[in-house]
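Participant: Got a sequence here, can you build the structure:
(chains A and B)
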Amino acid sequence: MNEFDPRSLLDQIFNRLRAADFTLGLGELLAAHQAIEGGWGSEDIEELRQVVALLWCHSREELLRFNIIWDEESPIETAPPSSPITPATAEEDSTLRETEQQRASSDAPEKSSSDAPTNVSSLPVRAPNITTASENRADLRAYWPVSRRFMVYTWRYLRRPVPGGPADILDIPTTVQRVTQQGFFLAPIYRQRERNQAHLVLLIDQDGSMMPFHRFTRDLVETVRDESTIGQVDIYYFHNLLTNSVYFDPHLTMRVPWEQALTHISTDTSVLMVSDAGAARGYRDTNRIRKTTEFLSHLRKRTNLLAWLNPMPTERWPGTSAQVIAHLVPMFQMNQDGFSNAIDVVRSGPLHYPTVSGSQ
Amino acid sequence: MNSSTHVFHGDNAHAATNRHPDSPQNPEPYVPTPDLVRAVNLALFLRRPLLLEGEAGCGKSRLAYAVAYELGWPLYFWPIRSTSKAQDGFYSYDAIRRLYDVQVNQLGQGANTESPTESQELESSQLRRRDPRRAQDYREFGPLGKAFSEKQCTSVVLIDEIDKADIDFPNDLLTVLDEPWAFPIPETGEWVAAASEHRPLVIITSNKEKGNLPAPFLRRCLYYYMDFPDKERMGQIVDTHYQTENKKPPEQNLATGAIDRFQQVRQDANLFRKPGTSEFLDWLEALHSFDDKEASPQLVAQDPIPYPELLFKLRTDWQKYNKPSAT
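Facilitator: The predicted model follows:
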């Protein structure tokens, strides 16, 4: 009754999980095989499920998704998962409960169909199965181009280390060298700590077509302010058009003349703009292009360390103002690669950057 | 099931008799679920780090003590702070002290006629032990370094609250907690490698306070989410706790009444911060023996709840439960 081949089942599940964006490598598959060889879950499928869950899931959310995939793939009817896998209803937070409910509702039709196969018309419509490879699953996934962690990490590359502040770092090689020169030890040699003197100006498009991306722009602002080492960060907001005034706050109430903001910008200042440049709604607005061109040429007199992050994918740029603006300033899609490249450009200037596919 | 894969049982009845000197000396009152026992044994079998997540106060860190006590293995505790660096866990090297010792030795050769005072005597005995010509005398192992250099016995390393560290920290650990399980010490030219049959069991706890851990790190860990114990297991925890501490346990109906009331409080959806197991045990102890008056189940059912200062640590929660009822 309990006859099943754990290895082939494992491989099947492994492939499904990898397709579902679990971060798993060959090492993890081998570890699971090793566990089976050691007698873990080679006889009992429920135990195998728990062992594999321990090895391959790394958050509660992943556990829930894993259980769904397991139920679909496993050849034998398994009992509902026991307590550690299904979180106790008492302390689970609302999002988990939602997922759980979705799971329950997706399970329900399956069961009822086996009970009453004749009465098909009254069954609830089942969500389409999204497992086939031919479907474009990108649309169904949540749009999550850059994780917060990646932002924190990438901001680190924006640095201009200059020694400064009190001398509090012990310089051991120099101390030893001095002692051997003098023949006796007087005092240890200290040097100054290196500080990141980079200066970043962040210009963020707010409201309107940028509304869906506020989650990311807020993350950008929070990470650069609180979790980066950049010496000086100035954040300004604008709405749609970079003109002669920008705002201090995301609600666009504290206006500041751009001329005044510009006085703080020197040749070493990095300027990063975040805007969809009309690509979100597919506009090609000559007024917008002209104003932006003026703005950029003005800015270029001060600094050349400019880059533009566009939260829309490059496929959506052609035919919009973004296509034109991408010729004026290095523009990158806001994904991991694009964000890293943008940081490269604002750090060392646009001497060499890969041509953007959105612009011809 | 191969019985040799089961090393950890999760009760103190199986405690080892020959104990390593660095092993915890006092028994740990700990009641793990069968799933948690399986997770520990699988981590032991595959020698992969075990990452524990869960609410504060549900016994993540205590598990390491329980494992180390039962198996009689040494436990090396590494609490992580925001300034922790991965190297702190491997070793530290005191170059200045070595330089100082060189100087003191040179001076000492000239004028050493005075009879040494007590402090000088102590100093010189330490000097004899530390030879500036031997760099090893100035290197001190951290928790992971100690576990790696343990050649006769497997050790347990508890990396507590890894999420508090700098964003790079888990990545720096990665290369060491994987093949070949070794790290170099450039200052002394040593190469510290764990014996292949005694690779340490690494238990890591996290609260996810500062966001997620890096994916490559997670990939190599076994992940276990600790749920809050249900009523039955809380009863076991109370029993084990008082048994191990050799104290007079509270009356049965007081304990069950307290568990019921506590679970009821936890199920309140409007609570901002839910109290954990350790807070419950403190609260039960207060109910049991803080006041001279006879502890009774009526005390538990009292309104407002007795000893709220042990359960509610946020002003809003505290005010909510500390209001006398309108009647």
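
Participant: tell me how far stretch A:319-329 is from the chain's mean position?
Facilitator: For stretch A:319-329, the gap between its own C-alpha mean and the chain's C-alpha mean amounts to 24 Å (Cα atoms, centre = their mean, to the nearest Å).

Participant: who's in contact with that stretch?
Facilitator: A:273, A:276-279, A:282-285, A:288-289, A:292-293, A:296, A:306-308, A:310, A:312, A:316-317, A:331, A:356, A:358-360 (Cβ atoms under 8 Å, 6 or more residues apart in numbering or on different chains). (Glycine included, C-beta is placed from N, CA and C.)

Participant: and the residues you listed, which of them are in strands?
Facilitator: Taking DSSP state E as the definition of strands, these contribute A:273, A:306, A:307, A:308, A:310, A:331.

Participant: which among those gets closest to residue A:266?
Facilitator: The closest of the ones in strands among the contacts of stretch A:319-329 to residue A:266 turns out to be residue A:306 (Cβ to Cβ; 13.5 Å).

Participant: What is the neighbour count of the closest one?
Facilitator: For residue A:306, the neighbour count with other Cβ atoms under 10 Å in any protein chain shown is 25.

Participant: Over to the one 4 residues further on?
Facilitator: By other Cβ under 10 Å, the residues close to residue A:310 number 29.

Participant: Is it in contact with residue A:275, as I believe?
Facilitator: Yes. With contact defined as Cβ atoms under 8 Å, residue A:310 reaches residue A:275; the gap is 7.0 Å.

Participant: Could you pull up the residues touching the residue lying closest to residue A:276 once chain neighbours are set aside?
Facilitator: Excluding its sequence neighbours, the residue lying closest to residue A:276 (Cβ to Cβ, 6 or more residues apart in numbering or on different chains) is residue A:312, at 4.9 Å. Residue A:312 makes contact with A:276, A:279, A:280, A:322, A:333, according to Cβ under 8 Å, 6+ apart.

Participant: Specify which member of those is nearest to chain B.
Facilitator: The closest of the contacts of residue A:312 to chain B turns out to be residue A:333 (Cβ to the nearest Cβ; 21.2 Å).

Participant: Show me what the closest one is bridged to.
Facilitator: Taking DSSP bridges as the rule, residue A:333 bridges to residue A:310.

Participant: which residues touch it?
Facilitator: A:145, A:309, A:310, A:311, A:312, A:313, A:314, A:358.

Participant: need the contact list for the first one.
Facilitator: If a contact means Cβ under 8 Å, 6+ apart, then residue A:145 has A:216, A:311, A:333, A:334, A:335, A:336 as its contacts.

Participant: Just say helix, strand or coil for it.
Facilitator: coil (DSSP: H, G, I helix; E, B strand; the rest coil).

Participant: rewinding a little: could you dump the contacts of residue A:145 into a markdown table with distance to residue B:15 and pLDDT added?
Facilitator: Shown next, in a markdown table, are the contacts of residue A:145 (distance: Cβ to Cβ, whole Å; pLDDT from 0 to 100):
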| residue | distance to residue B:15 | pLDDT |
| --- | --- | --- |
| A:216 | 53 | 88 |
| A:311 | 58 | 90 |
| A:333 | 59 | 90 |
| A:334 | 56 | 88 |
| A:335 | 53 | 87 |
| A:336 | 50 | 86 |
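
Participant: Could you check which residue of the stretch 201-350 of chain A lies nearest chain B?
Facilitator: For the stretch 201-350 of chain A, Cβ to the nearest Cβ, closest residue to chain B: residue A:227, 7.7 Å.

Participant: wait, that residue sits on residue A:155?
Facilitator: Yes. Using Cβ under 8 Å, residue A:227 makes contact with residue A:155 at a distance of 7.5 Å.

Participant: so the residue nearest the centre of chain B is in which element?
Facilitator: For chain B, residue B:61 is the residue whose C-alpha lies nearest the centre (Cα atoms, centre = their mean; 4.0 Å). Taking DSSP states H and E as the definition, residue B:61 sits inside helix B:60-71.

Participant: which neighbours does the helix or strand that that helix is followed by have in its sheet, and in what orientation?
Facilitator: The first helix or strand that comes after helix B:60-71 along the chain, using DSSP H and E, is strand B:75-79. Strand B:75-79 pairs in its sheet with strand B:156-160 (parallel), by DSSP bridges.

Participant: I'd assumed residue B:206 was in contact with the residue nearest to the centre of chain B.
Facilitator: No. When contacts are counted by Cβ under 8 Å, residue B:61 is not listed as touching residue B:206 (11.0 Å).

Participant: Quick check: the gap between residue B:129 and chain A.
Facilitator: Here the criterion is Cβ to the nearest Cβ, to the nearest Å. By it, residue B:129 lies 21 Å from chain A.

Participant: And the pLDDT for that residue?
Facilitator: pLDDT, residue B:129: 70.

Participant: Now do the strands in chain A.
Facilitator: Under DSSP E, chain A gives strands at A:161-170, A:190-196, A:199-205, A:232-238, A:245-247, A:255-257, A:269-274, A:306-310, A:331-333.
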